[in-house]
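Chemist: this one's structure only:
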C-alpha cells in the first residue's frame, strides 16, 4: 500500500535550471508514413528489447487517442507488465492500460504549471516547446524528478515494466531521473503517431471535445499535443522507435 502521493512544497520562485541536453545517441528507428509495420513484436525485436534475458522498461508516448492503448496492449502480450490497480488511485485508473499513480503524479505537475494549456502551434513548435518546458523545469524537477515517494513507487513497479500515459507528452522530460533512481538503464521509448484528423474524430466520437477552459479549439489542442510528443521524442536520451498506428499490420484492438 502506498497511501496517497503527497504534493511537494516547492519554492514559490525556484532557481532557474537548464533543460538537460541529450547524451550519446542511442538506437533510433522512425517507421515512415505508408510503411507497413509487421507487428509491435517485430518493432521491439529490431530495437533489441525483449521481456526475458536482459529486459528493458518500455515507455509508450503519444497524444491521447493516437493509438497508444492499442500498442500498449500488444506490448503486454509479449511479457511486459503493469500495475492493474492502485489502492487510493482508482479514479485515475482507466481501461487504457495506464497506472493511476503515474497519472496522478503527472496531473500534480500539470495542475501547478498548466503546461497542457500552452499552445505551441507556432512557426517553430519545437522552439516553443523548449521555451515552455524551460519555464517550468525547475518546478517540474521539484514536483516529479526529486519526489522521493514517486521514486520509491517506481522502484517497486513490476518488471519488466511498461508504462503509458498521454500526459507524458508534457512531462516525460522530467522522468529520466525517476527511472535512474531505480538503477535501471534508460527505457525504450515507443512513440505512437496517428493522423490528426483521425485523432479529432476519435475525441468527438467519444464525446471528448476539448473544454473551452484550455483556451484552444480541438484542432489546436490535438496539434499542440502532437508537437509536444515530437519534442519529447527528439529530447529522449535512450533508445526510441516511432511508428504510425495505422501502419500496423498485426495488432489487436484495444477496448476502451
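Modeler: Yes, it's here. Just so you know, these numbers come straight off a predicted model, no measurement behind them.
Chemist: tell me the strands in the protein, going along the chain?
Modeler: Using DSSP state E, the strands of the chain run over 28-30, 37-39, 58-61, 162-164, 188-193, 240-244, 248-250.
Chemist: between those, which has the poorest average model confidence?
Modeler: For the strands of the chain, the weakest mean pLDDT is recorded on strand 248-250, namely a mean of 84.
Chemist: From residue 189, how far out is the closest residue to residue 237 other than its chain neighbours?
Modeler: Excluding the flanking residues, the one nearest residue 237 by CB to CB, 6 or more residues apart in numbering is residue 22, at 4.3 Å. All C-beta spots, glycine's among them, are computed from the backbone N, C-alpha and C. Applying CB to CB, to the nearest Å, the value for residue 22 to residue 189 is 12 Å.
Chemist: same thing with residue 131?
Modeler: Residue 131 is 22 Å from residue 189, by CB to CB.
Chemist: what about those two, which has more around it?
Modeler: Set side by side, residue 131 and residue 189 show more neighbours around residue 189, with 24 against 14, by other CB atoms under 10 Å.
Chemist: For that one, give the beta-bridge partners.
Modeler: residue 59, residue 240 (DSSP bridges).
Chemist: just checking, it touches residue 237?
Modeler: No: contact criterion CB atoms under 8 Å: residue 189 and residue 237 do not qualify, at 9.5 Å.
Chemist: pLDDT score for residue 10?
Modeler: For residue 10, the predicted pLDDT is 84.
Chemist: Now it: phi and psi?
Modeler: Backbone torsions for residue 10, taken as degrees, to the nearest 10, come to phi -110, psi 150.
Chemist: ok, it - contacts?
Modeler: The contact partners of residue 10, by CB atoms under 8 Å, 6 or more residues apart in numbering, come to 112, 139, 142-143.
Chemist: Please tell me how far residue 113 sits from residue 194.
Modeler: The gap separating residue 113 from residue 194 is 26 Å, by CB to CB.
Chemist: neighbours around the residue lying closest to residue 39 once chain neighbours are set aside, how many?
Modeler: Spatial nearest neighbour of residue 39, excluding adjacent residues (CB to CB, 6+ apart): residue 250 at 4.4 Å. Residue 250: 11 surrounding residues under other CB under 10 Å.
Chemist: so residue 229 sits right up against residue 171, yeah?
Modeler: No: look at residue 229 against residue 171 with CB under 8 Å: they stay out of range, at 11.5 Å.
Chemist: quick one: low-confidence ranges for the stretch 151-256 of the chain?
Modeler: Judged by pLDDT under 70, the stretch 151-256 of the chain has its weakly predicted residues at 210-214, 253-256.
Chemist: for this protein, which helix is longest?
Modeler: helix 218-235 (DSSP state H).
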